[in-house]
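J.: build the 3D model from these lines:
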Amino acid sequence: MLELAILGFLGEGPLHGYELRTRISQLAGYARPVSDGSLYPAINRLERAGLLTRQREPGAAAAPRHTLSLTEAGRDELRRRLREPAELDVTDQNRFFTLLAFLGQLADPAAQAAVLQRRLDFLNQPASFFYTGDRPQRAADQADRFRRGMLVMAAAISRAERAWLREAIAELREQAG
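T.: Residues are numbered from 1 along each chain as shown. Next comes the predicted model:
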C-alpha cells in the first residue's frame, strides 16, 4: 500500500518528502499512520529500483529539501500495479481504497472496469467477521449487540460499495465501447 501510494502521488507530480508524507497520512487516515521509519526506506527502495529520482534543493531554512519525481519506469510500474493489483489490494478495504485513489491514472476504461469487477466479485462472496464452522454469521445470528452492530454496519457499507461498483463498471464499459 505504501509503495503504491508513493507512486500514485508522484504520478500526479513531483513532491517534497514532507508533502508526500502528509498526503499519504491523509489518505491512510487515523487507522494507519505513516512513520518516517517506513516512508523513507520505501522511497529509498523505489529510488534504487529506478522508479523515482530525488533532486536536492536548498531549503527555506538551512536544511536542503529533496523533490521526488517518477521516472518513466516508475510510471510504467504504477500503471502495472493499477492494471494488475495483487489479490490483497482488491480484498483488503484499506488497500483497495489506496488503489481506488489512483485508478484514474490508468487511462484505459476497460482496465479500470476489470479492477472494479474483481472487487465486486470479491464482495459478492459470502463473508463475515464471525463464523459457525464454515458458515458466515449474519447480524441476526449474533446475541452480542456489539458484534451485531459490526455486522449491520459492514452490511450497509458493502451494499453501498456494491451499488457504486456496479454503476461505475457500467459507465466504464460504455466508455470502452
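J.: what does the helix or strand that contains Asp121 contact?
T.: Using DSSP states H and E, Asp121 maps to helix 109-123. Outside helix 109-123, the residues that touch it by Cβ atoms under 8 Å, 6 or more residues apart in numbering are 82-83, 85, 90-91, 96, 99, 103-104, 106, 158, 161-162, 165-166, 168-169, 172-173, 175-176. For the C-beta atoms, the positions are set from N, CA and C on the backbone; glycine is no exception.
J.: beyond it, next helix or strand please.
T.: strand 131-132.
J.: next SSE after that following strand?
T.: Next along from strand 131-132, by DSSP H and E: strand 135-136.
J.: next helix or strand past that next one?
T.: helix 145-176.
J.: by contact count, what packs against that following helix?
T.: Helices and strands touching helix 145-176, by 3 or more Cβ pairs under 8 Å, 6 or more residues apart in numbering; DSSP states H and E, are helix 109-123.
J.: in the helix it packs on, what's buried?
T.: In terms of neighbour count (16 or more other Cβ atoms under 10 Å), helix 109-123 has its buried residues at 109, 111-120, 123.
J.: dump those residues into CSV; add pLDDT as well.
T.: Below are the buried residues of helix 109-123 laid out as CSV (pLDDT from 0 to 100):
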residue, pLDDT
Pro109, 98
Ala111, 98
Gln112, 98
Ala113, 98
Ala114, 98
Val115, 98
Leu116, 98
Gln117, 98
Arg118, 98
Arg119, 98
Leu120, 98
Leu123, 96
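J.: Glu3 contacts Leu46, doesn't it?
T.: Yes. If you go by Cβ atoms under 8 Å, Glu3 and Leu46 touch, sitting 6.4 Å apart.
J.: which residue is the nearest non-sequential neighbour of the spatially most central residue of the chain?
T.: Nearest to the geometric centre of the chain sits Thr98, at 1.5 Å (Cα atoms, centre = their mean). Distances taken as Cβ to Cβ, 6 or more residues apart in numbering put Met1 closest to Thr98, at 4.9 Å, once the chain neighbours are dropped.
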